[in-house]
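J.: Quick check, what structure comes out for this input:
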Amino acid sequence: MVTYNRMVVGELEDAEVDRLFHALADGTRRDILHRCIDGEPSVSRLAGLYPMSFAAVQKHVAVLERAGLVAKRRQGREQLVHTDADAVARARGILDELEVAWRGRVERMSELLP
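T.: Coordinates of the predicted model:
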C-alpha cells in the first residue's frame, strides 16, 4: 500500500491555496484580474464594466486581494487595483506541482498494468 503525504506547495498553507483557487474559480474575478494586468483601473472604473452593483465589484476585488492576487492603492479619492504577478506565478507553481504528482501516479499505474 502506498501512502501519499499531504502535498506541501512551496511555503503556502492549505488555507492560502484554498483562497487562491477560490478567487480564481469565479469568471468575474478572473476577468478583473485580466483587466488589471495591463494597468491600474480604479474600482469605480471596474464597476462600470459589469452588470452588477459597485458593492458587488468591491467584494470581488476584496476576494482577489485576500488571495494576494491583486493589491489596491489609494490615489486621491480612487482606489487603484493592480495585479501581483508573483501571486499569479504561485498559482502556476501549485498547478505545476500537482501535474508532476499526477504524472508520477500515472507512470506508477502504467508500470503495474501489463
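J.: got the buried residues for the helix or strand of the chain with the lowest mean pLDDT?
T.: Across the helices and strands of the chain, mean confidence by mean pLDDT, DSSP states H and E is lowest for helix 85-112: a mean of 82. Of the residues in helix 85-112, those scored as buried under the neighbour-count criterion (16 or more other Cβ atoms under 10 Å) are Ala87, Val88, Arg90, Ala91, Ile94. Quick note: C-beta positions are derived from backbone N, CA and C, even for glycine.
J.: Then stretch 16-30?
T.: Counting neighbours by 16+ other Cβ under 10 Å, one finds that the buried residues in stretch 16-30 are Glu16, Val17, Arg19, Leu20, Ala23, Leu24, Thr28, Arg29.
J.: I'd like those residues written out as a markdown table, with distance to Leu113 added.
T.: Rendered in a markdown table, the data for these read as follows (distance: Cβ to Cβ, whole Å):
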| residue | distance to Leu113 |
| --- | --- |
| Glu16 | 37 |
| Val17 | 32 |
| Arg19 | 38 |
| Leu20 | 35 |
| Ala23 | 39 |
| Leu24 | 34 |
| Thr28 | 43 |
| Arg29 | 41 |
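J.: for this structure, which spans come out with low pLDDT?
T.: 1-12, 114 (pLDDT under 70).
J.: Okay, strands next: where are they in it?
T.: Taking DSSP state E, the strands of the chain run over residues 70-75, 78-83.
J.: need the contact list for the nearest residue to Phe54 once chain neighbours are set aside.
T.: In space, Phe54 comes closest to Ala47 once its chain neighbours are excluded; the distance is 4.3 Å by Cβ to Cβ, 6 or more residues apart in numbering. Under the criterion of Cβ atoms under 8 Å, 6 or more residues apart in numbering, the neighbours of Ala47 are Ser53, Phe54, Val57, Gln58.
J.: Could you find the closest non-adjacent residue to the first one?
T.: In this case it means Ser53. Among residues not flanking Ser53 along the chain, Ala47 sits closest, at 7.6 Å (Cβ to Cβ, 6+ apart).
J.: do the same with Val43
T.: The spatial neighbour of Val43 that comes closest, neighbours along the chain excluded (Cβ to Cβ, 6+ apart), is Gln79 at 4.8 Å.
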